[in-house]
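*Asks:* This is a predicted model, with the sequence first.
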Amino acid sequence: MATPAPIRKKLTELPHKPGIYLMKDRFGTVIYVGKARDLRRRVSQYFHPSRRLGWDPKFKALVESIHDLDVHVVRSEPEALLLEGKLIKEFHPRYNVSFRDDKRFLMLKVNLNDPIPRFTLTRFKQDDGARYFGPFVHSSALRNTLNLVRRQFHLRGCRPLTPNERDYRHCLYGNLKFCTAPCINNVTREQYLQQVLAACDFLSGQCEEMQEQLDAEMKKASLARDYERAALYRDAIADLRSTTSKNKNFERVPYTLPMALDSRKDLTELGAVLGLPGPPARIEGFDISNISGTFAVASLVSFKNGRPDRANYRKFKMKTVVGQNDFACMAETVRRRYTRLLRESKTGRDKEVAGAEKETSPPVKNPQRSPALPDLILIDGGKAQLGAACAELEKLGLAHVPIIGLAKEFEEIYRPGEASPLRLSHDSGALKLLQRVRDESHRLANTYNAALRLRKISESILDEFPGIGERRKSALLKKFGSVQRLRFATVEQIAEVPGFGGKAAAELKTFLEARTSFTASGTGVDSAADPAPNARG
């Protein structure tokens, strides 16, 4: 297999610097994201003829699919790792396995609005008024640095939101004099806040003085031949440098949906191979996304004249389907979409007739006006998904609307009433157009599913309240419905929840008030079709 000429040219221009590389297929879709300490050396290895004998089937399929590549140069290997994780979560390349889950790199968090602020570790950044530091590539170095910061600035390491004298009696940090003990008024809140702010400055990179101090202690221990102690100081310096080194905040890498080179030609070819009356000027594509039956959603994308018509995109959250049933989800989505479309069309006709009755005589009867139906419906799936959609269209009296299914594995086109699927050449413009519609519907469905999961995660702010368990958390959400409503509850109302007394209710109220900057205005989900953007479907 010969390396394409554009790739050979790019390989000669790659720098010997760290960075990330994005492999793309012939449609411009990112299929693999990787990092490299030396971009030229690493990327060139993919195209060495001598390495082909050792390829496994997956790697061979990846290399054979590469049609183009892009690189992004960064300053260091840790930055490459951070950017790699960000891009994998953004593009979800089919050949990447790592970083495709919801796990993120660790960050440090401190909320200065808390009664006695504390530094905690977190993987998700929320709009809760807190200060965040990171993300950090090396979690062990971060944990060691956090322990060093707590000792250096005499900060608390206990878990309670508002520790008291009883907590102090059992506090290891207080007994070892690591903490200035604001919980027993040993220092005022303002004095303790100054300690926290100094630690924030330190984590922001103002740590030269401590590095010099640790370096001096290391040399002193080495001269005394206390090599174990010197090694501890050496490791502390390395952890400190790793944690406080500034990493670049990466913006979103520009990415646009690949467009057809000749949309009119592709549409003409598609209409011909499907036997349509003419080129399908408007195509609507559907896809389903769920994770083990949870957060089941569907997407509808609209292409007009071969290009995305984003004003007519729609998103649906399933109402009637229980469990993981993609066929039932597809049926519900098609039913809701075209039931609404027919209803809106009827409303428009009624208004037109009413207006005509006022202005003309005699009144217009049975105006001939077709609903705004698509020229082609594309279902992401094979014969079963297509059958579920066709059954719903027939119930609505729309069996005449052209509809097909596109199966991913072999890119086969399924048509109603046809036993054998239609296979087009992979170089066919008609197939590429269908793939673009299918891939865009898949992207929209996955994005909506991820948004719902992230919204659910934001509700877990209660998990940060010390001592709360699943039972008490469930009791709170059962009584108040959401964290947003809980914020407006009184202490007496919270105390009525099983498992909460007056003291626990007051502490929870204080905990929530400290995070008043967090807004949950976006946590509501339209139980019907959620528009995208600014429209209803």
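*Replies:* Received, thanks.
*Asks:* rest of the way, CA atoms for contacts and neighbours
*Replies:* Will do.
*Asks:* any low-confidence regions in the stretch 251-400 of the chain?
*Replies:* 251-261, 292-293, 348-371 (pLDDT under 70).
*Asks:* now the strands for it?
*Replies:* 282-291, 294-304, 307-308, 313-317, 376-380 (DSSP state E, counting those that start in this stretch).
*Asks:* Leu476 is nearest to which of the ones you listed?
*Replies:* strand 294-304 (22.1 Å; Cα to Cα).
*Asks:* mind putting the strands of the stretch 251-400 of the chain in JSON lines, distance to Met107 included?
*Replies:* Listed next are the strands of the stretch 251-400 of the chain as JSON lines, based on distance: least, Cα to Cα, whole Å:
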{"stretch": "strand 282-291", "distance to Met107": "27"}
{"stretch": "strand 294-304", "distance to Met107": "27"}
{"stretch": "strand 307-308", "distance to Met107": "38"}
{"stretch": "strand 313-317", "distance to Met107": "32"}
{"stretch": "strand 376-380", "distance to Met107": "38"}
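*Asks:* Check the secondary structure at Val33 for me.
*Replies:* strand (DSSP: H, G, I helix; E, B strand; the rest coil).
*Asks:* If the spatially closest residue to it that is not a sequence neighbour is in a bridge, with which residues?
*Replies:* Nearest residue to Val33, sequence neighbours excluded (Cα to Cα, 6 or more residues apart in numbering): Leu22, at 4.7 Å. Beta-bridge pairing for Leu22 (DSSP bridges): Val33, Asp70.
*Asks:* Against Thr188, how distant is Leu22?
*Replies:* 53 Å (Cα to Cα, to the nearest Å).
*Asks:* Quick check on the two: which one has the bigger neighbour count.
*Replies:* Leu22 (22 against 13; other Cα atoms under 10 Å).
*Asks:* Let me see the contact set for the more buried one.
*Replies:* Applying Cα atoms under 8 Å, 6 or more residues apart in numbering, one finds that Leu22 lies in contact with 30-34, 69-71.
*Asks:* Neighbour-wise, give me the winner out of these.
*Replies:* In these, the most neighbours by other Cα under 10 Å go to Val33, 25 neighbours.
*Asks:* wait, it sits on Met23?
*Replies:* Yes: with contacts counted by Cα atoms under 8 Å, Val33 reaches Met23, the gap being 6.4 Å.
*Asks:* And for Asn147, the neighbour number?
*Replies:* Applying other Cα under 10 Å, we find 12 other residues in the vicinity of Asn147.
*Asks:* That one: what secondary structure?
*Replies:* Per three-state DSSP, Asn147 ends up helix.
*Asks:* Quick check: the gap between it and Arg229.
*Replies:* Counting by Cα to Cα, the gap from Asn147 to Arg229 is 17 Å.
*Asks:* next one: Val97
*Replies:* 41 Å.
*Asks:* quick one: which of those two has more around it?
*Replies:* Arg229 (16 against 11).
*Asks:* OK, contacts around that one?
*Replies:* Per Cα under 8 Å, 6+ apart, neighbours of Arg229: 218, 221.
*Asks:* Can you name the helix or strand that it falls in?
*Replies:* helix 227-244 (DSSP states H and E).
*Asks:* what is the mean pLDDT for that helix?
*Replies:* For helix 227-244, mean pLDDT rounds to 72.
*Asks:* Likewise for stretch 482-491?
*Replies:* Stretch 482-491 comes out at a mean pLDDT of 83.
*Asks:* How far away from the center of its chain is it?
*Replies:* Computed by Cα atoms, centre = their mean, to the nearest Å, the separation of stretch 482-491 from the middle of its chain amounts to 28 Å.
*Asks:* hey, C-alpha coordinates of that stretch in PDB?
*Replies:* Extracted C-alpha coordinates of stretch 482-491, given in PDB (Å, rounded to 0.1, in the frame of the first residue of the first chain):
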ATOM      1  CA  SER A 482     -34.100  19.100  42.400                       C
ATOM      2  CA  VAL A 483     -31.100  20.900  43.900                       C
ATOM      3  CA  GLN A 484     -32.400  24.200  42.500                       C
ATOM      4  CA  ARG A 485     -35.600  23.900  44.500                       C
ATOM      5  CA  LEU A 486     -33.700  22.700  47.600                       C
ATOM      6  CA  ARG A 487     -31.800  26.000  47.500                       C
ATOM      7  CA  PHE A 488     -35.000  27.900  48.300                       C
ATOM      8  CA  ALA A 489     -36.100  25.600  51.100                       C
ATOM      9  CA  THR A 490     -35.900  26.800  54.700                       C
ATOM     10  CA  VAL A 491     -34.000  25.100  57.500                       C
END
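*Asks:* If you count neighbours, what's buried in that stretch?
*Replies:* 483-484, 486-487, 491 (16 or more other Cα atoms under 10 Å).
*Asks:* do stretch 336-347 as well
*Replies:* 336, 338, 341-342, 345.
*Asks:* could the residues you listed be laid out in TSV, adding distance to Lys408?
*Replies:* Converted to TSV, those look like this (distance: Cα to Cα, whole Å):
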residue	distance to Lys408
Arg336	25
Tyr338	25
Leu341	28
Leu342	31
Ser345	34
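*Asks:* out of the residues you listed, which are inside helices?
*Replies:* 336, 338, 341-342, 345 (DSSP state H).
*Asks:* and of the residues you listed, the nearest to Lys220?
*Replies:* Arg336 (75.5 Å).
*Asks:* The closest one and Thr320: what is the separation?
*Replies:* 11 Å.
*Asks:* Give the residues shared as contacts by those two.
*Replies:* Contacts common to Arg336 and Thr320, judged by Cα under 8 Å, 6+ apart, are absent.
*Asks:* ok, how many other residues are close to Arg423?
*Replies:* Arg423: 12 neighbours (other Cα under 10 Å).
*Asks:* actually Leu300, not the one I typed
*Replies:* Leu300: 31 neighbours (other Cα under 10 Å).
*Asks:* any idea whether Pro416 is helix, strand or coil?
*Replies:* Under three-state DSSP, Pro416 comes out as coil.
*Asks:* just to revisit the earlier point, among the strands of the stretch 251-400 of the chain, which is nearest Pro49?
*Replies:* The nearest among the strands of the stretch 251-400 of the chain, by Cα to Cα, is strand 376-380 at 37.2 Å.
*Asks:* how many neighbours does Asp127 have?
*Replies:* 12.
*Asks:* try the one 4 residues further on
*Replies:* The burial count assigned to Arg131 is 15, neighbours taken as other Cα under 10 Å.
*Asks:* Would you agree it is in contact with Met107?
*Replies:* No: checked against Cα under 8 Å, the pair Arg131 and Met107 is beyond contact range at 10.1 Å.
*Asks:* ok, of the buried residues of stretch 482-491, which one's closest to Gln195?
*Replies:* Arg487 (29.5 Å).
*Asks:* now the closest residue to Asn305 other than its chain neighbours: how far from Arg415?
*Replies:* Spatially, and ignoring its direct neighbours in sequence, Asn305 is nearest to Ala281 (4.8 Å; Cα to Cα, 6+ apart). Distance, Ala281 to Arg415, by Cα to Cα: 19 Å.
*Asks:* Sweet, I'm off.
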